[in-house]
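In: I would like to see how this sequence folds:
(2 chains)
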Amino acid sequence: SQQGEEDPQALSIQEGENATMNCSYKTSINNLQWYRQNSGRGLVHLILIRSNEREKHSGRLRVTLDTSKKSSSLLITASRAADTASYFCAPGGNQFYFGTGTSLTVIP
Amino acid sequence: DAGVIQSPRHEVTEMGQEVTLRCKPISGHNSLFWYRQTMMRGLELLIYFNNNVPIDDSGMPEDRFSAKMPNASFSTLKIQPSEPRDSAVYFCASSSGTGGGGNTIYFGEGSWLTVV
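Out: The predicted structure is shown next:
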């Protein structure tokens, strides 16, 4: 399937620090998306990176994609307490498969 | 747009009862997905509809689960009979196309089901 696997499973950092989480997948893709899930809520789209892009920025988010390694990373710079959430990657496919996510805790 | 609308938001039911979860996708979206989320198993894709037709139901756990999409603006997920292990958050989501096409999927707020 096109399910991505996020790593680490959990991450705890101090406010102001950067947070990096990774995603690996198994098949060739046209794009990869990252989503965020706040506790008790549905997933919300953050950013999409296409297979011909190596890096993309959106505000404090930076996403990289290495198609040769079938991996992606999401960097959140200058983290805030409000960034506390679970983060999921979704490799582009007919269905949207999600892994177990990375649970990020930002300590004020 | 109101987004994906799910009902009920919370339901507590007794084992053996029938449970029906409802979803109204975003207008104009032709793909609809039902997911189940638990701590143990994460976010599982149960079934995927495209243009109201079930395309992939391989994630439906067993015959107790059924899903329908009678028209473009409504879908149901039914559990009959319900069991305690069905307790989870059930999400409905919709999209204007596939992930491979670079489309975004929009989630509802979920239906929190507890079976006692």
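In: Every contact and neighbour count from this point should use C-alpha atoms.
Out: OK.
In: Next one: residue B:57 relative to chain A, how far apart?
Out: Using Cα to the nearest Cα, to the nearest Å, we find residue B:57 at a distance of 11 Å from chain A.
In: got a list of what the residue lying closest to that residue once chain neighbours are set aside touches?
Out: Of all residues not flanking residue B:57 in the chain, residue B:47 sits nearest, at 4.3 Å (Cα to Cα, 6 or more residues apart in numbering or on different chains). Applying Cα atoms under 8 Å, 6 or more residues apart in numbering or on different chains, we find residue B:47 in contact with B:33, B:34, B:35, B:54, B:55, B:56, B:57, B:58, B:59, B:60, B:67.
In: What is the nearest of the residues you listed to residue B:2?
Out: Nearest to residue B:2 out of the contacts of residue B:47 is residue B:33 (Cα to Cα; 17.4 Å).
In: Assign a three-state SS to the closest one, would you?
Out: Going by DSSP: H, G, I helix; E, B strand; the rest coil, the secondary structure assigned to residue B:33 is strand.
In: hang on, isn't it packed against residue B:45?
Out: Yes. Residue B:33 is within contact range of residue B:45, at 7.2 Å (criterion: Cα atoms under 8 Å).
In: Read off the pLDDT value for residue A:107.
Out: pLDDT recorded at residue A:107 is 97.
In: same check, this time on residue A:97
Out: On pLDDT, residue A:97 comes in at 87.
In: In space, what's closest to it - neighbours in sequence excluded?
Out: residue A:3 (4.8 Å).
In: Nothing else from me, thank you.
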